[in-house]
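Undergrad: give me the fold of what follows.
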Amino acid sequence: MDKEAIAAQVREIFLETLKIRPEKLQPETNLKNDLALDSLDMIEVVYEMEDRFDVQIPEEKIQEIATFDQIVDGLHAAIEAKGA
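TA: The predicted model follows:
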């Protein structure tokens, strides 16, 4: 799965889970500063991503995520590793 497809699905997850419009999610969007997400919001989003993409995201990786692009890159790497 390419990064564009992953980004589109992650935007859907943000819309469904947190009601954040897709146009607010640009690669450089800082989740905490620009969108005011807290740790509970991130847990909800991560749970949905793990379920949709059938991957596990380690807790230490979750805490390192700052931008939308980092989510997409991390998911892409997890999906690629799972398929290898």
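Undergrad: helices and strands of this protein: which one bottoms out on pLDDT?
TA: Using mean pLDDT, DSSP states H and E, the weakest-scoring helix or strand in the chain turns out to be helix 59-64, at a mean of 86.
Undergrad: burial count for Glu59?
TA: Here the neighbour count serves as a burial measure; for Glu59 (other C-beta atoms under 10 Å) it reads 10. C-beta: built from backbone N, CA, C; applies to glycine.
Undergrad: cool, Lys82 as well?
TA: Counted with other C-beta under 10 Å, Lys82 comes out at 11.
Undergrad: show me the contacts for it.
TA: Going by C-beta atoms under 8 Å, 6 or more residues apart in numbering, Lys82 touches Asp54, Val55.
Undergrad: now do the strand or helix carrying it, average pLDDT.
TA: Counting by DSSP states H and E, the secondary-structure element that holds Lys82 is helix 68-83. Averaged over helix 68-83, pLDDT sits at 92.
Undergrad: report the buried residues of that helix.
TA: Burial within helix 68-83, assessed by neighbour count using 16 or more other C-beta atoms under 10 Å, is assigned to Phe68, Asp69, Ile71, Val72, Asp73, Gly74, Leu75, His76, Ala78, Ile79.
Undergrad: OK, contacts around the most centrally placed residue in the chain?
TA: Nearest to the geometric centre of the chain sits Ile71, at 4.0 Å (C-alpha atoms, centre = their mean). By C-beta under 8 Å, 6+ apart, the contact list for Ile71 reads Val10, Leu31, Met49, Ile65.
Undergrad: for Met42, same thing?
TA: Leu31, Ile62, Ile65.
Undergrad: contacts only, for Val10.
TA: Under the criterion of C-beta under 8 Å, 6+ apart, the contact list for Val10 reads Leu25, Met49, Phe68, Ile71, Val72, Leu75.
Undergrad: cool, and Phe68?
TA: Applying C-beta under 8 Å, 6+ apart, one finds that Phe68 lies in contact with Ala7, Val10, Leu25, Gln26, Pro27, Glu28, Thr29, Leu31.
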